[in-house]
Structures are given as structure tokens and as C-alpha cells.
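Asks: need a structure here:
(2 chains)
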Protein chains: 2
Amino acid sequence: MSKWYSDSGFQDDIVLSTRIRLARNIKGIPFPNRMGAEDGKKVIDLVSDALSELNYKFNLIRLSDISEIERQKLFEQHVISSQMLKNTADKAVFVSEDDAVSILINEEDHIRLQCIYAGAESQKAYELISKVDDFLSERLQYAFHEKYGHLTACPTNVGTGMRVSFMLHLPALCMTRLADNLFATVGKLGVTVRGMYGEGTKSSGNIFQISNQVTLGKTEAELSTNITDIVNQIIAKERELRRRIIQEKGVSVEDKIMRSYGIMRYAKKISTEELAGHLSNVRFGVSLGIIKDITIKSINEITVVTRPAHIAETGASTAFERDVKRAEIISSIIEKKEE
Amino acid sequence: MSKWYSDSGFQDDIVLSTRIRLARNIKGIPFPNRMGAEDGKKVIDLVSDALSELNYKFNLIRLSDISEIERQKLFEQHVISSQMLKNTADKAVFVSEDDAVSILINEEDHIRLQCIYAGAESQKAYELISKVDDFLSERLQYAFHEKYGHLTACPTNVGTGMRVSFMLHLPALCMTRLADNLFATVGKLGVTVRGMYGEGTKSSGNIFQISNQVTLGKTEAELSTNITDIVNQIIAKERELRRRIIQEKGVSVEDKIMRSYGIMRYAKKISTEELAGHLSNVRFGVSLGIIKDITIKSINEITVVTRPAHIAETGASTAFERDVKRAEIISSIIEKKEE
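Replies: The predicted structure follows:
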């Protein structure tokens, strides 16, 4: 498996991942919140048939065929959305063999194409997702309006149906308490800031999801450039503050970072909540070059594989057992990287 | 320098050190609290002359000749007492070349012979201190009363003038909150429990100094056997509780221990107070075999060389600088041992 989090990318000391999704619907079939079981199956079949002609291979996962823990894992990997966890009827996901692209079927829209890469890679992600989109648009009749563009279940997605999301780690902006101000400013520029798992989730460990709000009135390329520019400004601000923090209170910050590293390396039990704070400190330490023993890739791996469902899958059933298992996995990833 | 804390000893996973001291005075000279400068010099000279004939060599340190930081260091090494820190007039200490024996001059009594060893080594300590005492008693006229024995400035020391002190690490007794009860019981058996730096000091890091209260009515050998028996019972209780704690809450205790180890290894600044707790956990971990990378000797070394005066000697002047230096020294001792 070459999941996004086991890869590297541009500016990945700040940008965990770039995700682009395109919302598409098929003409003549009611939107998912209105459609019957027959329609649902039909969408799966139509997409399946279309993809079979593509030389970039996809595997179909019907969400009703897999366990709740497996669905939860896909959610923790940012493959499926929280809406698809409980209500699984006629819902499915096609996952490309290299794990870079997933196509959600019958979520809010018939088709949601998603592409995710480690680092700041909107160009790369946009190129790949467009290829798949172009291919499907030739074989399926998309619900498309000349004036409004792509038609979607929710009006906020009408137009390009595109959302570009960056997952950013912003410890310096948080430490200096400048994050809220900055987020208010970028909000006026058509940008939304959310927690790590999207709408309605809290930020933990100083990680934020930053994405475009508007999908209408601009081309996909323009939207992508616009949000990328804003994200680059946030990154520049974060870098400037990091330098200042190191100059002004180097030892105290280093102390915080190294203590978190020590706890992550040696703890015998640890909760998700506690881990989030240490992960943020250690990620900061690696990006500052203070910690050299592990890589950003290892931190991304720890971030994902220690989430509740990933731990539950190992057989740990009580909260205590999960905390013990989590600590075990973290140590083993750190010790492995240190060899 | 072969300080006690760089050596190993019997049961040193629980017993940091054994110290025996004998209080002696010279006939015809007023006790230190009553004597003039001439008398003080005379005592130093008499002891110096006597020792010069011994083939076990001593170095004389006049406390007024050394800096306050150096005196503080000798105190932190348990060589001199807190009384000798400020009032240095005519006070001196003879230290044997192997650092095992020190002879305090003009503290509360004219002569206080002390012997300190790592571990539970009362027999070894008693044999060595007796040799020096016998040698001096042949050359100096001790203030000795046929009925009462050795005469001392404070009546509690009259008789043998002997105090046997064990420094014990009792984390299990503290965790189970059984320590206070046990100390009350042994108090009735003529035993005193104090903090790490003797009378009037608090216990920190679950370390206690346990010594005999009575010095009268028994021979030195009897007193030594009596206190050693009681200490062995405390050790047995501590061992039993350690086994039970590990059985009942193994992972939680291991977690606490390993987190402390991680913090000690990686912190970039740490206070004496915080360190005491981590040192206790790590000492416990080494004695349980959970931590194998460092030895009890290293922990004893850290305990002593991170005390305020030892740190101040490195040139660190502010509390912040001392905390940084302390962390640096701890890491270097741990990293060295891990190689």
C-alpha cells in the first residue's frame, strides 16, 4: 500500500497533504438524498463500466460489504467522509491501485472524485484528478448547465464542483495566538478553515484544513491558483514566526519538543488526545531540524495509524488496551527509524 | 575521585548508601560551641599530627580556605554537615584519599569520623571507621567516662557517639501510602527517619535517611546490628510491595517509569524539584529491570552532580541557566551509558 502518508511532498514540513475533490452527478438520475435503491445501483454500475476502460486501475469497495471498523479506517485515512460511516446503502468507493485517487459513489453527490498527495502538491493533484474526470465525462452524461456549470446536490458546490484542501500544521501561529486573526482574514478571501477531519471537527495538534469556499464563477485552474496563493502566504507567515520563536525562546521550545519526543518514544500507554499535542511538538521539532532521528513521513504514519479504528483493528477492545497498543506502535515506528 | 556514588554496593537497588559516624572529643578542650580560636586550631593540629603517622592518607581542607560553592558541594556529597556551610571559623575536614572516610573538625564535636559506602554496607563501613578511630584513640586523649562512655556536646550522642544511617529509596512504600505507618512503627524501635540531607530536611524523590536514635547502653556492634536488622525488614517490605505493584498495575507503573526516563534523556531544562520525581521513577525502573540502558551508579551520580552547588560550579548563574545545564549533564550521563 502506498498511502499518501507514506510518501513525501513539497513543503511537507508544514503541509501534511493536498486534497482535491470534484463533485459530479449523472444527468437523469435523482441526487442521492432523493434516489431509490435501483438508482443507487445504477450509478455504481455506470461508473464501474466507465472505469473498466481506463488503464489506470480501480478497485471497488461497497461500504455495506465491509465492517464498521474498516469503514472507520477509510475515514481516518481521509478516503471516505463521515457521512458514509453509518449510512452505507448503495454507497461505494473506487480506490485507484496506487491509492492516490478515490471515487466516492452516492455520498452527497453521485460522484466525488478525490485525489490526495503528501505535501503542497495542488498542481500534481489537479493534473491527475482532471485526467480521470475528463475520461469519465466522455463516458457518462454529467449533469451540466451551460450557465452554472456542474450541478450538485448542495448549491455551494455548483460550478466547478471543486474543493482544494490543504492540511496545514501551524504550531508557530498557534503558539503566538495569531492563528485566529489570520483565519478571520483569509475567511474574507473565500477560504474556509476547519479541523483535521473536515466540517464540524475540531482542530487537534495545531493541524488545520484550509480549503476554498467558492466553486462558482471561476475556472478550476483559477480556483486552484487562488487557494494555493493564500496557502503559500499562510506558510510564509508560519515560517517567519518559527524563526522568531526559535530566536526568542529557543531552549524552552526545544525543551517542549524533546520532552514530547521522549514521551512518544518511551510511554507505555497514551491516549489520542495526549498524542495530538506531542505529535505537533515532534513534527515541529523535525521541521526545525532539532529532531533528526525520525522523518516527517514517520510522523504522518503515526498520525494516521494510531487513530482509534486503526488501533481497534489490532484487537485492542478497551480504552486502556488501545492506549497501550498505541504506545507500542509509536515506539516501534520511532525505534525502526532510529536504526 | 572515587566518590561513594560512583561505586556499587549490596542491595544498592534500594539502599543508596550506608554512613557511619562516630562523635569524639579531646579531653581538656572545651566543646566547639564554647571554645576560642586557639582551641579550635589546637584540635586541627592534634588530629593532623596523629593522622600523619597513619599509612591511610588524608587531605586537610580548611573550610575558610574554600569558596561557599565548594562547601555547598561537599555538603551535597554528604561530606560536611549543613552547620559547617556558613560558620567556617576553625572548621576543617580531613578527607581520605579514597574518599571513603572524612573527619569533621570542630563541628558540634571536636571530631566526627564518617565513613560512607554505596549500598547496604554497615559491616564494611564499621570495620574501616573503627580502624581509624582505634588509631586516633591511641594518639589523642578522648573525653571518655567509664560509666557513660564517650562524652559529646549533645547528650543524645553520649555513649558510643555512633550514628549509623542508611539512605533508602522506597517508592513502593510511598505509592501504597504505607510509608508513614511503617516509619511510626520503627520510630518506637529507636529509629529516626529523615529527609535526604539529614535533620530538618524534607524527603524528596521517595528517599529517606534512616538511622539509630540511641547511642547509649549498647556496644557499637550491637547498635549497628540492631539498626541493620530494622533496615533489612524495611527493605523486605519494600521488595514485597514492589512485586505486588508490578503484578497489579504493571503497565501503568512501567508507563510512569519510562516517561520519566524519556524526559530525563531528552529534556533541555529541568529543575531539581522536577528531577527528584523522575529520578525516583527511573531508579525504580532500573531496579525492576524495566530500564536496562543505565545503571544504579549512573543514577546516584546524577542525583549528586545535579544538585544546585554542583551545577553552580559550572558557571550557570541564573535559575534558568542552571536548569539548562542540569538537563545537559543528565543527557550526557545517560547517552554515555547507552553506548
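Asks: list the neighbouring strands of the helix or strand where residue A:18 lies plus their orientation.
Replies: In this assignment (DSSP states H and E), residue A:18 forms part of strand A:15-24. As defined by DSSP bridges, the strand partners of strand A:15-24 come to strand A:111-118 (antiparallel), strand A:162-169 (antiparallel).
Asks: can you tell me what sits against the first one?
Replies: Judged by C-beta atoms under 8 Å, 6 or more residues apart in numbering or on different chains, the contacts made with strand A:111-118 from elsewhere in the structure are A:4-5, A:7-9, A:12, A:16-26, A:43, A:47, A:78-79, A:100-105, A:124-126, A:128-129, A:132-133, A:136, A:140, A:297, A:300. In this view, the C-beta of every residue, glycine as well, is placed from N, C-alpha and C.
Asks: in the stretch 101-250 of chain A, what residue lies closest to chain B?
Replies: residue A:250 (9.0 Å; C-beta to the nearest C-beta).
Asks: could you give the angle of the helix or strand harbouring that residue to helix B:220-266?
Replies: For residue A:250, the enclosing helix or strand under DSSP H and E is helix A:220-266. Orientation note: helix A:220-266 sits at an angle of 170 degrees relative to helix B:220-266 (axes from the mean of the first three to the mean of the last three C-alpha atoms, to 10 degrees).
Asks: and the very next helix or strand once past helix A:220-266, what does it pack against?
Replies: As assigned by DSSP H and E, the chain's next helix or strand after helix A:220-266 is helix A:272-288. Under the contact criterion of 3 or more C-beta pairs under 8 Å, 6 or more residues apart in numbering or on different chains; DSSP states H and E, helix A:272-288 touches strand A:162-169, helix A:171-175, helix A:220-266, helix A:296-305, helix A:319-338.
Asks: which pLDDT does the model give residue A:234?
Replies: Note on residue A:234: pLDDT of 94.
Asks: thinking again about what came up before, out of the contacts of strand A:111-118, which are buried?
Replies: For the contacts of strand A:111-118, a neighbour count by 16 or more other C-beta atoms under 10 Å in any protein chain shown gives the buried set as A:4-5, A:7, A:9, A:12, A:16-26, A:43, A:47, A:78-79, A:100-105, A:124-126, A:128-129, A:132-133, A:136, A:140, A:297, A:300.
Asks: picking that back up, quick check: the residue of the stretch 101-250 of chain A closest to chain B vs residue A:303, distance?
Replies: 26 Å (C-beta to C-beta, to the nearest Å).
Asks: who has more neighbours out of the two?
Replies: residue A:303 (22 against 13; other C-beta atoms under 10 Å in any protein chain shown).
Asks: now the more buried one: closest residue in space that isn't a chain neighbour?
Replies: Leaving aside its sequence neighbours, residue A:303 sits nearest to residue A:279 (C-beta to C-beta, 6 or more residues apart in numbering or on different chains; 6.0 Å).
Asks: neighbours of that neighbour, just the number please.
Replies: For residue A:279, using other C-beta under 10 Å, the count is 24.
Asks: thinking again about what came up before, save the helices and strands packed on helix A:272-288 as JSON lines, and put in distance to residue B:212 too.
Replies: Below are these laid out as JSON lines (distance: least, C-beta to C-beta, whole Å):
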{"stretch": "strand A:162-169", "distance to residue B:212": "61"}
{"stretch": "helix A:171-175", "distance to residue B:212": "55"}
{"stretch": "helix A:220-266", "distance to residue B:212": "40"}
{"stretch": "helix A:296-305", "distance to residue B:212": "55"}
{"stretch": "helix A:319-338", "distance to residue B:212": "45"}
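Asks: save the strands paired with strand A:15-24 as JSON lines, and put in mean neighbour count and mean pLDDT too.
Replies: Below are these laid out as JSON lines (neighbours: other C-beta atoms under 10 Å in any protein chain shown; pLDDT from 0 to 100):
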{"stretch": "strand A:111-118", "mean neighbour count": "24", "mean pLDDT": "93"}
{"stretch": "strand A:162-169", "mean neighbour count": "24", "mean pLDDT": "93"}
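Asks: now the ones you listed as CSV including distance to residue A:204?
Replies: Shown next, in CSV, are the strands paired with strand A:15-24 (distance: least, C-beta to C-beta, whole Å):
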stretch, distance to residue A:204
strand A:111-118, 19
strand A:162-169, 11
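Asks: around chain B, which positions in the stretch 151-300 of chain A sit nearby?
Replies: Within the stretch 151-300 of chain A, the residues that sit near chain B (C-beta under 8 Å from any C-beta of the partner chain) are A:251-252, A:254-255, A:258-259, A:261-269.
Asks: just the buried members of these?
Replies: By neighbour count, with 16+ other C-beta under 10 Å, these hold A:254-255, A:258-259, A:261-269 as buried.
Asks: and the residue in the stretch 201-339 of chain A positioned nearest to chain B, how far is that from residue B:38?
Replies: Closest residue of the stretch 201-339 of chain A to chain B, C-beta to the nearest C-beta: residue A:262 (2.9 Å). As for residue A:262, its distance to residue B:38 is 58 Å (criterion: C-beta to C-beta).
Asks: from residue A:19, how far off is the most centrally placed residue in chain A?
Replies: Centroid check for chain A by C-alpha atoms, centre = their mean gives residue A:78 as the closest residue, at 4.7 Å. Distance from residue A:78 to residue A:19, counting by C-beta to C-beta: 7 Å.
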